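what's the 3D shape of this:
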Amino acid sequence: MPNGPTNGGGYDPGTGAPAKTSYPWTPTGIRKNKAPIFQTTKSISHGTTNQVYSLSTTVSASAPSAALPSMIEVANIGEVPLNVLAGFEAWSDATNETGATKYLHIMLKPGETWMPPVMGLISTESASTQFTGTELSNQVPDSNMYTDSDIDTDNTTATDNIVGDIDDTTVYLEQYTDSANCGANLFRVGDLIRLTNEIMEVTAIGNKSDLENNTLTVKRGVYGSTAASDHADDDAVMFPFFNAYHDFDKYSVAQTDSQGRFKCMNFFGKGRAASGVSGIVPGSIAIKFYNAGYQELGLTGITSSTNSGLTASTAYEFDIQVDGGTNFDNLSFTTDSSNVNFGGTNGVINKIQSALNTQYYTAGNLFEKKVTVSIVGGDIRFTSGSNLSTSAIALTAGSSGTAEFFGTGRIPAVGSIDAAVSAKLPDDVVYDRVTYATSTNPVFSYDDGYGNIYGMCQGTINYETGAIDITGCPVNAEFVYSVAHTSAFSGKLDTAANALVSILSNNPNSKHTGSLDLKVY
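The predicted structure follows:
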């Protein structure tokens, strides 16, 4: 399998590490080609603590601020040291101590620059505590392409209730304690939900002030589904994750399409909660795809110019079964009048490939089942065009009066060819041939913490909703995912939980005024 595209992804061929060109920042951390969105210089006097920066929504001379930034740079451009205080929310036992801002104090000497992390918290636990939340490794997406949110519909007397109606657009949710712990907290605008066999798009969420406002406003019957009148009280509200580049019933499993694309509006139902923290932990995502199944003839030393031993201008046949489907009887091809080498424009491989391509577009057992024939490692390999877990090739002898391919010329008898190799997931690690040290197998797609997906494919991830959109992936492929969710750093960057709240500064020198420069990116 290739190492992935080079336009914004892929791996350094020398080290196997992710290619640096895939990152949106320079080695110093400065965003590429990005100017500060706010810059100021502030005099810092002795005897008072000055607010240099806060994440309010307005900018003023006394408290310059900006919306949540990507990076902040604080530089001491004066002649005396300054104390700089960065305020973060306190966390205890993976629980946000709401409103309990604590400060990291540093001394910044003249000429020094400090870039406080925008995402951070101050733990009141022991230093070894890790707020990683729930961790999942190499998980297979649920075969139903949805998971139960554990929230049900409520059959109220409201006239706009979707229960028993195909036109109304309000989903009333039963589970309700208060606004901080209720069913509506699991959902976001833009989500897709599934009730029985209907897909709905969430366009608004109630204010959650009471049970009556514990609601979702939806668009009915989207993604090829039909608005239904059979919804009932206590119907499960489910998180669907079919490939949203297509209708909800296009595929039977979560998979990429024939263009190597996949997207869904939640991260396979993970990272949602009715109360407390939710969301996906930035930097925790890894996705790997199945390798296609194949079967080889068991030959050695084959090149394009190797003579096949078949007779010119002769029809040959064999049987082939693809991806566990019904066997295709007597796939026939006719050799060229002069070229019976394996390779070349009219060679044997080309003739077999043409026959397979014809059947791809012809109704029958090979319809839309892609197979590629090629020389791999000196052998002839038939490879499935599917990267599903069911991807497989099975070659057998034909049964009609046409000349049999297997056992003719250089082609081994069918009982002597190599056993078929089924689809499989690549290993997580590879081993050094000399030291046997392990390193990460460069077959994954990762997220960079900024919401970008790189590696084997490119795309985006929304850490709050889990919505993922990836392209450039292996085609028609199933995959497994690894992720951490519902922890201190999961979800949106939020000053009430896991983001920098403010920056303060004071001057320890009673006889000299300091100067601090602030850049916000």
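
where does Glu73 land in three-state SS?
Of the three states, Glu73 takes strand under DSSP: H, G, I helix; E, B strand; the rest coil.

now stretch 397-416, how far from the centre of its chain.
Its chain's C-alpha centre and that of stretch 397-416 lie 45 Å apart, by C-alpha atoms, centre = their mean, to the nearest Å.

mind listing what's buried in that stretch?
For stretch 397-416, a neighbour-count test (16 or more other C-beta atoms under 10 Å) marks 398, 402-406, 408, 411, 414 as buried. From N, CA and C alone the C-beta is placed, and that goes for glycine too.

Hmm, Asn462 and Asn452 touching each other?
No: assessed by C-beta atoms under 8 Å, Asn452 is found out of contact with Asn462, at 11.3 Å.

As a check, name the ranges of all strands in the stretch 351-500 of the chain.
Counting by DSSP state E, counting those that start in this stretch, the segments of the stretch 351-500 of the chain that form strands are 371-376, 379-384, 393-396, 403-404, 429-431, 438-440, 444-447, 452-455, 458-461, 468-471, 479-485.

Of these, which is nearest Glu317?
Across these, Glu317 has its closest neighbour in strand 403-404 (6.7 Å, C-beta to C-beta).

Name the residues that touch that closest one?
311, 314-318, 397-398 (C-beta atoms under 8 Å, 6 or more residues apart in numbering).

per-residue pLDDT, the residue nearest to the spatial centre of the chain?
Among the residues of the chain, the one closest to the centroid is Ile468, at 5.3 Å (C-alpha atoms, centre = their mean). Note on Ile468: pLDDT of 98.

Look up the residues forming beta bridges with it.
Cys264, Ile461 (DSSP bridges).

how about it, what does it touch?
Ile468 makes contacts with 262-264, 267, 453, 459-462, as judged by C-beta under 8 Å, 6+ apart.

one step back: let's have the strands of the stretch 351-500 of the chain in JSON lines, adding distance to Gly47.
Shown next, in JSON lines, are the strands of the stretch 351-500 of the chain (distance: least, C-beta to C-beta, whole Å):
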{"stretch": "strand 371-376", "distance to Gly47": "76"}
{"stretch": "strand 379-384", "distance to Gly47": "75"}
{"stretch": "strand 393-396", "distance to Gly47": "80"}
{"stretch": "strand 403-404", "distance to Gly47": "98"}
{"stretch": "strand 429-431", "distance to Gly47": "58"}
{"stretch": "strand 438-440", "distance to Gly47": "53"}
{"stretch": "strand 444-447", "distance to Gly47": "46"}
{"stretch": "strand 452-455", "distance to Gly47": "46"}
{"stretch": "strand 458-461", "distance to Gly47": "47"}
{"stretch": "strand 468-471", "distance to Gly47": "52"}
{"stretch": "strand 479-485", "distance to Gly47": "45"}
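
And the ones you listed: which comes nearest Asp233?
Nearest of these (C-beta to C-beta): strand 479-485, 30.4 Å.

And the closest one, what does it pack against?
strand 134-139, strand 286-289 (3 or more C-beta pairs under 8 Å, 6 or more residues apart in numbering; DSSP states H and E).

partners of the shortest one in the sheet?
Okay, so that is strand 286-289. Strand pairing (DSSP bridges) places strand 286-289 next to strand 444-447 (antiparallel), strand 479-485 (antiparallel).

How much space separates Ser209 from His485?
28 Å (C-beta to C-beta, to the nearest Å).

Among those two, which residue is more densely surrounded?
More crowded of Ser209 and His485, by other C-beta atoms under 10 Å: His485, with 25 against 11.

what sits against the more buried one?
133-134, 136, 267, 270-271, 278-281, 284, 466.

swap the cut-off to 7 Å and go again
Listed by C-beta atoms under 7 Å, 6 or more residues apart in numbering, the contact set of His485 reads 133-134, 270-271, 279-281.

That's all I had, so thanks and see you.
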